[in-house]
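Engineer: Just the structure for this:
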Amino acid sequence: MAQSRPLIERGDVFDPTCPTRVVLDRIGDKWTVLVIAALVDGPLRFTQVRQRIGGVAPKVLTQTLRAMERDGLVTRTVYAQVPPRVDYALTALGVSLGGPLAVLTDWAEAHVGEIVASRDRFEEADLSRNDSEPVGVGR
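Structural biologist: Below you'll find the predicted structure:
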């Protein structure tokens, strides 16, 4: 039987040995953010999650859901029926993450135009810089 670790009261993201960085990796993953958003209104089957998100490969979604289940963000419920039915739902911990992620996704949706325009300007300026450099001089 695996021995449980003592509960960490609070992490320190600036401590390179702190597991908080692993948590940031999980919640900073775009698929995790989208799964949380997809499940915020209630449980869904795998195909429903995949359709709601769009553009995610089944393998990637499976890996994401497994990692989120391991991290305590979602539950996976298997129903004994033919064909088998599996539902995914947010845990209380997953629901608590929904609010902060909703703020971030709202910010992203509100500012996507500015970000894209800035990238375009940067690329244009970068091309201009590259065109004006003498041959043989580069980065």
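Engineer: Going along the chain, name the helices of the protein.
Structural biologist: 20-27, 30-39, 46-53, 58-70, 92-132 (DSSP state H).
Engineer: need those in CSV with mean pLDDT, can you?
Structural biologist: Written out in CSV, the entries for these read as follows (pLDDT from 0 to 100):
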stretch, mean pLDDT
helix 20-27, 90
helix 30-39, 97
helix 46-53, 97
helix 58-70, 97
helix 92-132, 91
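Engineer: Quick check: which of those helices is buried the most?
Structural biologist: Here the criterion is mean neighbour count by mean count of other CB atoms under 10 Å, and of the helices of the chain the winner is helix 30-39, at a mean of 20. Yep, even glycine has a C-beta here, placed from its N, CA and C like the rest.
Engineer: follow-up on the earlier one: can the helices of the chain go into a markdown table with extra columns for distance to Val86?
Structural biologist: Shown next, in a markdown table, are the helices of the chain (distance: least, CB to CB, whole Å):
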| stretch | distance to Val86 |
| --- | --- |
| helix 20-27 | 21 |
| helix 30-39 | 13 |
| helix 46-53 | 6 |
| helix 58-70 | 10 |
| helix 92-132 | 17 |
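Engineer: Which among those is found nearest to Phe14?
Structural biologist: When the helices of the chain are ranked by distance to Phe14, counting by CB to CB, first place goes to helix 20-27 at 9.0 Å.
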